[in-house]
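Student: Next input, structure requested:
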Amino acid sequence: MTRSPSLCGIILAAGVSSRMGRDKALLPWPPGHPGGLRNTLLGAWIELLRPHTDMVIVVGGANSHNLEPIVYSIGGFLVENRAPELGQFSSLRLGLHEILGRGRDSAIVALVDRPPVQPATMTHLHSAFLGALEQSLWAVVPEHDARHGHPILLAREMIEALLRAQLTATARDILHANATHICYVPVEDARVAMNINTQEDYDRLAVENT
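Tutor: Here you go, the predicted model:
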């Protein structure tokens with residue numbers, strides 16, 4: 001029988017954005033937009049994930065007090081990683097524990113330093129995830145031009161594998177170790193493999209969106 005997943009969105013936003021020089025979660029999105037709570041990189045990600053999930057949880061760090069107005073204005077939930085210096089994997093594990101504690105068994109994981117993918121891409125990945133569950137696969141990972149990207153969709157089995165791992169591991173380590181259980185989905189959306197690490201990266205996206 002096909003399993004009906006109870007999906008929860010997780011957005012990892014606890015980074016210090018040292019290379020950018022300002023919190024990437026608060027960057028106006030689309031680039032060049034005058035701003036507002038919803039018109040930020042974080043707000044755009046929450047809005048993108050909401051139609052595909054039961055709830056969206058944002059994992060913040062020392063910046064959590066700045067994220068609160070955005071998260072709560074769009075109906076999301078915020079948890080704080082009190083030790084973000086342990087790395088992104090610690091934030092992911094915190095988010096995964098949170099969704100299991102809230103009775104959900106699957107997750108869409110997004111990184112706030114990636115540009116939001118096109119809505120059609122998200123719909124395609126969601127559909128692929130439902131198909132992957134029928135094949136007893138544990139995750140869906142988008143790829144573009146032979147590069148793996150985000151967001152990734154995780155079933156309960158992959159969530160448990162990530163939570164069993166040592167804190168010194170990385171999500172990439174665990175995904176690679178379980179690659180036979182992953183459905184890699186080619187997409188035409190180049191954003192799945194883009195990063196926004198610097199002001200130059202952001203400015204480049206601003207030019208592309210004009």
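
Student: Buried residues of the host helix or strand of Ala206, list them for me.
Tutor: Secondary structure from DSSP states H and E places Ala206 in helix 199-208. By 16 or more other C-beta atoms under 10 Å, the buried positions in helix 199-208 come out as 201-202, 205. In short, each C-beta sits where N, CA and C put it, glycine included.

Student: For Leu96, grab the count of nearby residues.
Tutor: Residues near Leu96, counting by other C-beta atoms under 10 Å, number 23.

Student: in a strand, that's where it is, yeah?
Tutor: No. Leu96 sits outside any strand when classified using DSSP: H, G, I helix; E, B strand; the rest coil, being helix.

Student: gap between the closest residue to Pro84 other than its chain neighbours and Gln166?
Tutor: Distances taken as C-beta to C-beta, 6 or more residues apart in numbering put Gly61 closest to Pro84, at 3.4 Å, once the chain neighbours are dropped. For Gly61, the distance to Gln166 equals 21 Å [C-beta to C-beta, to the nearest Å].

Student: who has more neighbours, those two?
Tutor: Gly61 (19 against 8).

Student: Correct me if wrong, but Leu153 is in a strand.
Tutor: Yes. Counting by three-state DSSP, one finds Leu153 located in a strand.

Student: gap between the helix holding Ala206 and the chain center?
Tutor: Centroid displacement of helix 199-208 relative to its chain, using C-alpha atoms, centre = their mean, to the nearest Å, is 20 Å.

Student: what comes into contact with that helix?
Tutor: Contacts of helix 199-208 with the rest of the structure, by C-beta atoms under 8 Å, 6 or more residues apart in numbering, involve 20-21, 27, 31-32, 115, 194-196.

Student: Brilliant, that's me finished.
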